[in-house]
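Enquirer: Pasting the sequence and the predicted model now:
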Amino acid sequence: MRATPRLVDLPPGATATVQELAADPGLRQRLEALGLRPGQNVQVLRRGWWAGPLHVRVGMTELMLRRRDAARVSLAA
Amino acid sequence: MPNTGKSTLFNRLTGHHAQIGNWPGLTVELLQADLTIHERALHLIDLPGIYDLRGHSEDEAVVRRFLEGSAVDLVLVVLNASQLDRQLRLALQVQQLGLPAVVVLNMADEATRFGVSINAEALSSSLERPVLPLSAKYRQGIEALQNAILAELDRNAAQPAEAVTQLEEQLAAVDAGLDGAMAALVARSVHLPDTWRDRRTRQLDALLLHPLLGLPLFFLAMALMFQAIYAIGVPLQEGLASLLDQFSQAVLTPLLAPLPAWISGFLLEGLYQGLGTVMAFLPVIGLFFLAMGVVEDSGYLSRAAYLMDAFMERLGLDGRSFVLSLMGFGCNVPAILGTRVMRDRGLRLLSMLIIPFSLCSARLNVFLFMAAVFFPARLGGLVIFGLYLMSFLAALLTALLFRGRFPSNEPLVLELPPYRLPTAGQMFSRAWSEVKHFWLWSRRFIILGVVAVWLLNNLPAGVEPASSASLAGRLGTLMQPLLEPIGINPKLTVALLFGFIAKEIVLGGLAVIYGQADPTVLGQAMAADVRWPQALSFMVFTLLYTPCLSTVAVIRSESKRLGFTLLSVGWSLLLAWLVSFAVYQGITRLA
């Protein structure tokens, strides 16, 4: 079993708290700029068809991100 | 900040008189404008939208270099009022640098609707700068902003403006505490709703981003949009064309009669005809940009990126490439310029390679004419639809073939803004400026192209225009070994040669080549010379080969590589020849 859950594993409708961004500086900065930073609550609104992107909400901002990139976001258990 | 309506505010303050200018020390061009507030002359510069003054992106570096290189009297920090929970960072950084500033909380109308309430006074006293909620879109609070700008300028008049020194060091010193400071500031002065912010957006998304219905609905919306554009635009175009024709016959012909025949012929049949063809085409372009503007500003375009990303990812592209290709259906040039949002070079080049296959409005003009000449009305629509399908397939095939050569692994994180109702005024002024830009842009090429067509058809001196003895005729004959197998005769060859410059001059060129100005008569002359499989092959070739010289020019300037530009041109010519060959030979063998 995986030690920490990741954003990519979160089912639609579920909310969790961001723990860490294990991404390269470019992606990390982009995520943080859009509000996805450690300590913030993130909710998955929907998951795209055919392994498509996630539609998530952080604070007052909604964004889409690819599953590959969402796998870099670990969540507090 | 991006997506805060900064451009709308810029336009509101400056009244659309902005020019693009180079700024010393920066490689990019910045929009700037002179404006007067209460008889005081000011100069306003539109910097790129950024999230973080310490960011790694090109835009963020531009803003840093700008602040370090120029002494500004006042900074306007434009934030989205409903997203202060993350956007106050920028205001705090500006405060840290000690820059005189007015903080604008734009889209305040939306914030109210979503249940966000802001204590602007508390924010203002914390930031030590005026904070003004306003709505640039609905023109609320603009006057208060103008007054605040003047008041701040007066207040700071004693201190001379200075460029920022040691910007990165200053910001690095406070970065660790910035998150905490922002959270505390938000807690003190912004009340965020506990419930979901926007019922309308949630309900629309449930339908428009539905796993099964989302894509069909999107394509239906696009089909309806194109249908509407042409249902309204084509009659307008025909009306305008006949008006221009009447003007030429009633006014210009008698006016130019005293001139030698070759001069009046050149001015009238060459220049006026060519410019007239494009001018008649402007209503369709205007409608197209109007519709695209509505789709974009409503928030649906970023949803299209979401819907198509899974598919595009498998082609080595992403949702943004799809959106740009879609914009390419209007005009390829702005779509290629739009690839600037991509940081990854492979992704950007691959997107630039597929965008020229988008059936742009200039090509559509040729197809509408030829479909009407060579096919009965019912089949004509099917032919046009088939060409759209082929445009899509060509882009798909190109991506599949070349994705290995242009690999990319750029992450895709995009904001999905709430759905917004664009205002009519905003849409019209935007479409108007796009049309103006298109007209100025294409005019140069058309004049150039028309001069070339005319010269080729009328040289060497004394030759019968466009006959096989003219330069054009000889060139057409020379190309026959290559083009005869795809059914392109010498006359069509010349038209294709000019289509390389711009598709807008193909029809004008055909008119000169066949010596018929009136579209109906021109159609009859063509139908007598060319059979329908040849016409179809001509249309396919026109669809697939290089869209126009302008597109080639922007591919060259944006990719900064000659080799890539040649690949783009060469591949599209090869594909055009192969598909035309298959279509023409297939039909003639079967029939």
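Expert: Looks like it came in fine.

Enquirer: from here on, contacts and neighbour counts on C-alpha atoms
Expert: Noted.

Enquirer: show me the contacts for residue B:286.
Expert: B:431, B:432, B:434, B:435 (Cα atoms under 8 Å, 6 or more residues apart in numbering or on different chains).

Enquirer: So the third one belongs to a helix, correct?
Expert: Meaning residue B:434. Yes: assessed with DSSP: H, G, I helix; E, B strand; the rest coil, residue B:434 lies in a helix.

Enquirer: ok, it - how many residues close by?
Expert: Per other Cα atoms under 10 Å in any protein chain shown, the neighbour tally for residue B:434 reads 17.

Enquirer: how much space is there between it and chain A?
Expert: 29 Å (Cα to the nearest Cα, to the nearest Å).

Enquirer: got a list of what that residue touches?
Expert: Contacts of residue B:434 by Cα under 8 Å, 6+ apart are B:286, B:289.

Enquirer: Same check on the second one?
Expert: Contacts for residue B:432 were tallied using Cα under 8 Å, 6+ apart; they are residue B:286.

Enquirer: State the number of residues packed around residue B:93.
Expert: Residues near residue B:93, counting by other Cα under 10 Å: 21.

Enquirer: May I have the secondary structure class of it?
Expert: Once three-state DSSP is applied, residue B:93 turns out helix.

Enquirer: re the thing from before, for the contacts of residue B:286, which one is nearest chain A?
Expert: residue B:431 (27.9 Å; Cα to the nearest Cα).

Enquirer: Verify the stated contact: residue B:394 with residue B:357.
Expert: Yes: using Cα atoms under 8 Å as the test, residue B:394 is close enough to residue B:357 to be in contact (6.5 Å).

Enquirer: Between those two, which contacts overlap?
Expert: residue B:544.

Enquirer: Just want to know which of the two has more residues nearby.
Expert: Under the criterion of other Cα under 10 Å, the comparison of residue B:394 against residue B:357 puts residue B:357 first, with 27 against 22.

Enquirer: Say whether chain B is contacted by the lengthiest helix in chain A.
Expert: As assigned by DSSP state H, the longest helix anywhere in chain A is helix A:25-33. Yes: residues of helix A:25-33 contacting chain B under Cα under 8 Å from any Cα of the partner chain: A:26, A:27, A:29, A:30, A:31, A:33.

Enquirer: next one: that helix to chain centre, how far?
Expert: Using Cα atoms, centre = their mean, to the nearest Å, the distance from the centre of helix A:25-33 to the centre of the chain it belongs to is 12 Å.

Enquirer: got it, and stretch B:360-373?
Expert: 21 Å.

Enquirer: Can you classify residue B:7 by secondary structure?
Expert: Residue B:7 - assigned by three-state DSSP - is helix.

Enquirer: Identify the residue nearest it in space, chain neighbours excluded?
Expert: residue B:46 (7.8 Å; Cα to Cα, 6 or more residues apart in numbering or on different chains).

Enquirer: And the strands in the chain?
Expert: Since no chain was named, I'll use chain A. Counting by DSSP state E, chain A has strands at residues A:15-21, A:41-47, A:54-58, A:61-65, A:73-75.

Enquirer: Hmm, no, I was thinking of chain B.
Expert: B:19-22, B:29-37, B:40-46, B:75-80, B:101-106, B:117-118, B:131-133, B:190-191, B:413-415.

Enquirer: Using a markdown table, please lay out these together with distance to residue B:184 and mean neighbour count.
Expert: What follows is the strands of chain B, written out as a markdown table (distance: least, Cα to Cα, whole Å; neighbours: other Cα atoms under 10 Å in any protein chain shown):
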| stretch | distance to residue B:184 | mean neighbour count |
| --- | --- | --- |
| strand B:19-22 | 40 | 13 |
| strand B:29-37 | 35 | 17 |
| strand B:40-46 | 30 | 14 |
| strand B:75-80 | 18 | 22 |
| strand B:101-106 | 18 | 25 |
| strand B:117-118 | 14 | 20 |
| strand B:131-133 | 17 | 24 |
| strand B:190-191 | 10 | 18 |
| strand B:413-415 | 25 | 20 |
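
Enquirer: Could you save those strands as a markdown table and add columns showing mean pLDDT?
Expert: Formatted as a markdown table, the strands of chain B follow (pLDDT from 0 to 100):
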| stretch | mean pLDDT |
| --- | --- |
| strand B:19-22 | 54 |
| strand B:29-37 | 82 |
| strand B:40-46 | 89 |
| strand B:75-80 | 93 |
| strand B:101-106 | 94 |
| strand B:117-118 | 90 |
| strand B:131-133 | 94 |
| strand B:190-191 | 88 |
| strand B:413-415 | 89 |
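
Enquirer: where does the chain dip in pLDDT?
Expert: Assuming you mean chain A. Residue ranges of chain A with pLDDT under 70: A:1-3.

Enquirer: That was the other one, I meant chain B.
Expert: B:16-29, B:195-197, B:274, B:277-278, B:281, B:441-442, B:445-446, B:466, B:517.

Enquirer: What residues does chain A have near chain B?
Expert: A:26-27, A:29-31, A:33-35, A:48-53, A:59-66, A:68-69.

Enquirer: Could you rerun that using 7 Å?
Expert: When proximity is defined as Cα under 7 Å from any Cα of the partner chain, chain A approaches chain B at A:26-27, A:29, A:33, A:35, A:48-53, A:59-66, A:69.

Enquirer: got the contact list for the residue lying closest to residue B:240 once chain neighbours are set aside?
Expert: What sits nearest to residue B:240 in space, not counting adjacent residues and going by Cα to Cα, 6+ apart, is residue B:280, at 5.3 Å. Counting by Cα atoms under 7 Å, 6 or more residues apart in numbering or on different chains, residue B:280 makes contact with B:237, B:240, B:241.

Enquirer: Looking at the contacts of residue B:286, spot the one nearest residue B:371.
Expert: residue B:435 (25.8 Å; Cα to Cα).

Enquirer: roughly how far apart are the closest residue to that closest one other than its chain neighbours and residue B:231?
Expert: Nearest residue to residue B:435 in three dimensions, chain neighbours excluded: residue B:286, at 5.6 Å (Cα to Cα, 6+ apart). Shown here: residue B:286 relative to residue B:231, a distance of 14 Å by Cα to Cα, to the nearest Å.

Enquirer: How about residue B:513?
Expert: 30 Å.

Enquirer: Equivalent analysis for residue B:287, please.
Expert: 11 Å.

Enquirer: who's more crowded, those two?
Expert: Neighbour count, other Cα under 10 Å: between residue B:287 and residue B:231, residue B:287 has more, with 23 against 12.

Enquirer: Right, I'll call it a day here.
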